[in-house]
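Enquirer: Got a predicted structure plus its sequence, pasted below:
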Amino acid sequence: MKNLSFINKIIYIVNSIVAMLLLLSMVFPYLPPKTFSFLSVINLGVSFLIIINALFVVYWLVKLKKQLLTSLVVLLFAYLTFGSLYKFSPSKKIESDQNFKVMNYNVRLFNLYKWIPEDQVEVKIVDFIKAEAPDILSIQEYHPHENINLSSFKYKFEKLSGKKIKYGQAIFSNFPIINSGSVEFPKTANNAIFADVVKGKDTIRVYNIHLESLRIDTKIESLKKENSERLLQRIGSAFKKQQNQTELFLEHKNKCKYKMIICGDFNNTAFSYVYRKIKGDLNDSFKEAGNGFGRTHEFQFIPMRIDFILTDEAFAINGYKSYSEHFSDHYPISTTLSLENE
């Protein structure tokens, strides 16, 4: 420090704070938000913290200063804890006659309130889904719009609420649905639904989870106008609800004996407590077969992955795709699966 200029000393202090925050973020996925909701907010910014620490490493490397070790060591720990933020390997793509495609998509009520200033966004969403032709489709914020025609799917289960505007979750399938239901979350419109589908000789449980929303306007201009204390309190409260909802879901999931696929909008990142609990020993299809940042939510400057497709070991993950179609505040994702025993 004493060999640094005044400006570099200030930069290194900021560097140390950012490195410490990233270090702390590695602990929070193991701490329940009910107890540490305020601190858990840090995990929303893990992607940002990784990028900033990487920039500090580059800065000190150019300066030929040993201060680069601060962020470099923390980034190494982050890699060992979280894995790579960016997947450089090409997407896996294995062709098989047994392959079937699963898609997850938060459609934001099919643009009912014109968040995207375009005509017939709902028709564009349906056309996109038909073109991609998933065998199983999991939708959050579903709304039975008059222009929505997903009759190409033979089976569906939907769970809707609301008085004037009906909305909720839906599962569409080309495989027969023999059982379905809902895991009710108290005092919210969010929930988890499930459908047991039959593929060949196998019964597969498909879950569609929508955890509590953080209610953040992700535009930077809007965030600047937010009262920071109220924003943090709101996010902390949402994290506590997410933990309660996750516990209810896991209680239901643990009673299921079928092969399992879990889709959903977790409204939280892969660095969070709820993701770690829900994932358990399941496979994350993006980590197994995707590439890039895997962004699933529209957030300026930060690649946010909050939508997931998880599978148990009965499935081979033969492909994964993150789409860039901008018809919602979420981007659709899909994975190609096959059953290992087929």
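Expert: Arrived safely, thanks for sending.

Enquirer: can you count the residues close to Arg108?
Expert: Arg108 sits with 22 neighbouring residues when counted by other Cβ atoms under 10 Å. C-betas here are computed from N, CA, C, even on glycine.

Enquirer: Leaving out chain neighbours, which residue sits closest to it?
Expert: Ser328 (4.2 Å; Cβ to Cβ, 6 or more residues apart in numbering).

Enquirer: what's the pLDDT at the one you found?
Expert: On the pLDDT scale, Ser328 is placed at 96.

Enquirer: now Leu223
Expert: 54.

Enquirer: Check Glu118 too.
Expert: For Glu118, pLDDT reads 93.

Enquirer: quick one: contacts for it?
Expert: 111, 124 (Cβ atoms under 8 Å, 6 or more residues apart in numbering).

Enquirer: cool, Tyr30 as well?
Expert: 273, 276.

Enquirer: now Gly294
Expert: By Cβ under 8 Å, 6+ apart, Gly294 lies in contact with 87, 286, 303, 305, 322, 333.

Enquirer: Surely the residue nearest to Arg108 is in contact with Asn106?
Expert: Yes - counting by Cβ atoms under 8 Å, Ser328 does reach Asn106; the two are 6.1 Å apart.

Enquirer: re earlier: for the contacts of Gly294, which one is nearest Met1?
Expert: Taking Cβ to Cβ as the measure, Met1 sits nearest to Pro303 out of the contacts of Gly294, at 33.2 Å.

Enquirer: Distance check, that closest one against Ile51.
Expert: Pro303 sits 9 Å away from Ile51, taking Cβ to Cβ, to the nearest Å as the criterion.

Enquirer: between the two, what contacts are shared?
Expert: By Cβ under 8 Å, 6+ apart, the residues touching both Pro303 and Ile51 are Leu85.

Enquirer: from the contacts of Gly294, which is closest to Ile148?
Expert: Distances from Ile148 to the contacts of Gly294, taken by Cβ to Cβ, are shortest for Ile333, at 20.1 Å.

Enquirer: chain center to the helix or strand where Asn179 lies, what's the gap?
Expert: Asn179 belongs to strand 177-184 when assigned by DSSP states H and E. Chain-centre distance of strand 177-184: 22 Å, with Cα atoms, centre = their mean, to the nearest Å.
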